[in-house]
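Trainee: Sequence first, then the predicted structure:
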Amino acid sequence: MMLLKRLLDFYINSSLHVALAVLSFCVLTTYELDLNSSIVLFSAVFCAAIVGYNFVKYFGLAKFYYRSLTTKLKYIQLVSALSILGLGYAFLQLQSATQMLLFFLGLITFFYAIPMGLKTPKNLRSIGGVKIYIIAFVWAMTTVALPILESQLLLNFEHWILIVQRTFIIIVLMLPFEIRDLDLDQIYLSTIPQKIGVRNTKIIGYALLGDALLLEFFKHQFDQNRFLIVVFLVVILILFLAKSTPKRSRYYTAFWVEAIPILTLGILWIMVLIQKA
């Protein structure tokens, strides 16, 4: 059991789990929009998520405690280094528009952790009230806009509906984290639970999920599988958000909540297999 726990902790702490969540949303987009699947894009998104999250989480530790890094952190550095190599290889094979957007999102991630200048010592994360929206924007553009651009398409009205819908879903996906960290986050971060409380945060989340479901009816073509997937995603997010409290363990959010996109993709694959049978 201890070995399994250590493996699970490494899987979570090395950002492999969250990278699979990002990748799952990306694959869902290619299915919904019937885009050409690109292993190169999927590889770039997966590796970029690992690099970005590990950079944000461990840059300070690696900088100030390099000589005393634990074995666990050194393994995480190895995963990050391999991901950088994979990202570099995949990046060179992407469409130029995809490269430009990916580079822009990389800059946002960089300044999310690093101060933006001598006169503005704050990084993006420390600007009160914007953290969750930055994360949602980066996730939405990564998982919706990148696959569209890689398929050499221009963003149209339906694509923007999907981007807004995905943004709402990702904001709600982040709310259990903000509720969990209510007693830990610094006041200056001005997270949603800090400003309006846990109960009102959940109400806002339910409203956003209702809006996300409503947006499905603004799309040009109704697809039963696509609608059922959105319904499943909304229902499971409601359940997890309803059960969220500041007392929940880190596994509730870092594993189970972040597993929701992975589980949703699994449900989609099962539905497709059943229909083909």
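Mentor: Ah, there it is. Residues are numbered from 1 along each chain as shown.

Trainee: and the residue lying closest to Tyr31 once chain neighbours are set aside, helix, strand or coil?
Mentor: Leaving aside its sequence neighbours, Tyr31 sits nearest to Leu268 (Cβ to Cβ, 6 or more residues apart in numbering; 6.4 Å). Placement of C-beta: from N, CA and C, glycine included. Here Leu268 is helix, with the state taken from DSSP: H, G, I helix; E, B strand; the rest coil.

Trainee: I'd like the distance between Leu268 and Leu35.
Mentor: 15 Å (Cβ to Cβ, to the nearest Å).

Trainee: Compare these two and say which is more crowded by neighbours.
Mentor: Taking other Cβ atoms under 10 Å, Leu268 and Leu35 do not tie; Leu268 has more neighbours (20 against 16).

Trainee: contacting residues for the more buried one?
Mentor: By Cβ atoms under 8 Å, 6 or more residues apart in numbering, the contact list for Leu268 reads Leu28, Tyr31, Asn225, Ile229.

Trainee: and which of these is nearest Ser80?
Mentor: Nearest to Ser80 among the contacts of Leu268: Leu28, at 25.7 Å, using Cβ to Cβ.

Trainee: Which helix or strand contains the closest one?
Mentor: helix 16-32 (DSSP states H and E).

Trainee: just to revisit the earlier point, measure the residue nearest to Tyr31 to Leu155 for me?
Mentor: 23 Å.

Trainee: Where does the prediction get shaky in the stretch 51-200 of the chain?
Mentor: 60-70, 116-121 (pLDDT under 70).

Trainee: Let me know whether Phe25 touches Met141 as I believe.
Mentor: No. Using Cβ atoms under 8 Å as the test, Phe25 is too far from Met141 to be in contact (11.2 Å).

Trainee: Can you pick out the residue with more neighbours from those two?
Mentor: Set Phe25 next to Met141 and count neighbours by other Cβ under 10 Å: Phe25 wins out with 25 against 19.

Trainee: Can you show me the helices along the stretch 51-200 of the chain?
Mentor: 71-91, 96-113, 131-140, 146-150, 157-180, 192-215 (DSSP state H, counting those that start in this stretch).

Trainee: just how off-centre is the first one within its chain?
Mentor: Offset of helix 71-91 from its chain centre (Cα atoms, centre = their mean, to the nearest Å): 19 Å.

Trainee: check contacts around Ala79.
Mentor: In this structure residue 79 is Val, not Ala. Ser14, Ser15, Leu16, Ile50, Asn54.

Trainee: for Tyr252, same thing?
Mentor: Contact partners of Tyr252, counting by Cβ under 8 Å, 6+ apart, are Pro176, Arg180, Lys243, Ser244.

Trainee: what's the closest of those residues to Ser80?
Mentor: Distances from Ser80 to the contacts of Tyr252, taken by Cβ to Cβ, are shortest for Arg180, at 24.7 Å.

Trainee: I figured the closest one hits Arg248, correct?
Mentor: Yes. In this structure Arg180 lies within contact range of Arg248 using Cβ under 8 Å: 5.4 Å.

Trainee: So for these two, which residue has more residues nearby?
Mentor: Using other Cβ under 10 Å, the more surrounded residue of Arg180 and Arg248 is Arg180, with 22 against 17.

Trainee: Please tell me how far the more buried one sits from Leu268.
Mentor: 28 Å.

Trainee: returning to what we had before: in a markdown table: the contacts of Val79, plus distance to Arg6.
Mentor: A markdown table is the format used below for those (distance: Cβ to Cβ, whole Å):
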| residue | distance to Arg6 |
| --- | --- |
| Ser14 | 12 |
| Ser15 | 16 |
| Leu16 | 14 |
| Ile50 | 19 |
| Asn54 | 18 |
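
Trainee: Tell me how far stretch 149-159 lies from the chain's centre.
Mentor: With Cα atoms, centre = their mean, you get 20 Å for stretch 149-159.
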